[in-house]
Every structure is written in C-alpha cells, then in structure tokens.
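Q: Predicted model and sequence follow; I will ask about them next.
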Amino acid sequence: MNKIKLTTNNLIKTLFLGPAIFMWALIFFVSMFLSKRNRKRILNFYFPYKNKFRDIVTNIFYYGKLESKVRKMIDKFPFLEIGCGCGHFIETISERGLCFAVDIFKDKNIKGNPFHFVKCDCRNLPFKNGVFLTLYAEYVFHHLENVNLAIKESARVLKKDGKLILLEDPPNNYISKFFSDLNTSHYMHENEWKKNFLKDGFSKFHSKNFNFVLGSGYIFEVIK
C-alpha cells in the first residue's frame, strides 16, 4: 500500500483548494437556475476577485496541463502571443527563440524582457506582412467584436505555412454559459470557427478537444 506524502503543498490543496473549488462549482451550479439579472449580480460580486482565485485554482488543476500541451506544439519562431495578459505563458518559451507579445493593456508585471511587448489591438497589429511562423491566443478571440478582423490580421502577419494555435471554450460548457451574460463574450461551435478561418486567409484547420472539471474546450491549430 502506497503512503501519501504529507507536504506543505498537499496540505494547502486539501485545506484551501478543496473548499474553494466546491464554492466555485456551487456558484456556477446555482447561477443556472437564476434569472439573468441575478446572474449579473453574482458576476459583479465575483469579478473583483476572479483573477486571484482563477490563478490559484486553475493553474494547478487546468491551465498547467493544457499549456504544457501547447508548448509542445510551438516549434517554429518568430513567435507572437496575442493577448498575453501578465506574460506568464510567453516567459516559459521566450528562451527558445524570438518572441513578441501584444495586449490591449500592459500588465504591471510585464517587463518587456526577455520578450518584446507591444501594446495594441489584435485587430490592427503593428507588424509587417508575413513576419511570424507561430501565433498563439489563449481565450482571447471570443471577447472580440468583429472577430474576423483579428483572424485576417493573424493571417496577414503569418508567413506561408505558419500556424495559429487558439484555445477556446464551446458555447455549451458551464464557463461559457456563466460568462455569456456579460455581453462581451461571443462563443462559437467548432464548425463556425472553421468556417471563419477558412474564409479569412487560412488554408487548413485542425481541432482537438480537451476535458476538465467544468466542461470541455477546443485547441485549434490553423495553418495559413
């Protein structure tokens, strides 16, 4: 019989993350039975704390494993991350090649080193045509009005046979339903994403599904 090694990390996960995940799941579950007005009230309460809570919980149980898969898919540089946030992902690959990152806001943790940061809208990228071999966007495109502009810009700055890796939620998982009340999220099914990419500058579309505790998601690999 294997013994469980009691460490500080295991203790933290047991005493804090277990109840935290339960409360998060409970909020999602209860919200399904509330009116749209009351769901917005929950969102208004939740949003001031969402970044800290998400980072603690999902980096351990979700993003860590998912992003390790994405890192293996990134094999060609120059590389551009669209919507880099605090820069935690691009920092993990920046030593492998020339890396750039863009976001509409500059996070206070962004130092611009060892990657190059540019503050801009991904629907109007300040780069010449055909300069990148790999692009990556993690849960960014569903926030955009007129996402086709971002798709066209992505195709424009990619070299021929370059690829865009995209993480997205489908419309029918719990996270999508919960946040759809913000009116800033535009979730699409896989066939809708495929139609948009092939219409706006890309030639091949590959999709993989992944599962996690609150539903499922997409990893798209789109070739110019």
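A: Arrived safely.

Q: which residues of this protein fall in strands?
A: For the chain, the strands defined by DSSP state E cover 79-82, 99-103, 116-119, 132-138, 158-168, 204-212, 215-223.

Q: mind listing the helices for this protein?
A: 8-12, 18-31, 36-46, 50-58, 64-73, 147-157, 174-179, 190-199 (DSSP state H).

Q: returning to what we had before: what's the closest of the strands of the chain to residue 195?
A: strand 204-212 (9.1 Å; CB to CB). The way it works is simple: take the backbone N, C-alpha and C, and place the C-beta from them, glycine included.

Q: what sits against residue 207?
A: Shown in contact with residue 207 (CB atoms under 8 Å, 6 or more residues apart in numbering): 190, 193-194, 218-221.

Q: In a markdown table, list those residues along with distance to residue 111, pLDDT and neighbour count.
A: Putting the contacts of residue 207 into a markdown table (distance: CB to CB, whole Å; pLDDT from 0 to 100; neighbours: other CB atoms under 10 Å) gives the following:
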| residue | distance to residue 111 | pLDDT | neighbour count |
| --- | --- | --- | --- |
| 190 | 37 | 94 | 14 |
| 193 | 33 | 96 | 23 |
| 194 | 37 | 97 | 17 |
| 218 | 31 | 89 | 17 |
| 219 | 29 | 93 | 17 |
| 220 | 30 | 96 | 21 |
| 221 | 30 | 97 | 15 |
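
Q: sorry, back to before: deepest of the strands of the chain, which one?
A: strand 79-82 (a mean of 26; mean count of other CB atoms under 10 Å).

Q: and it, which strands flank it?
A: Using DSSP bridges, the strands paired with strand 79-82 are strand 99-103 (parallel), strand 132-138 (parallel).

Q: Quick one, which of those gets closest to residue 70.
A: Closest to residue 70 of the strands paired with strand 79-82 is strand 132-138 (CB to CB; 6.8 Å).

Q: And for stretch 152-163, what's in contact with it?
A: Contact with stretch 152-163 is made by 76, 80, 82, 122-125, 127-135, 137, 164, 200-202, 221-224, as judged by CB under 8 Å, 6+ apart.

Q: Try it again at 7 Å.
A: Applying CB atoms under 7 Å, 6 or more residues apart in numbering, the contact partners of stretch 152-163 are 80, 122-125, 127, 129-135, 164, 200-202, 221-224.
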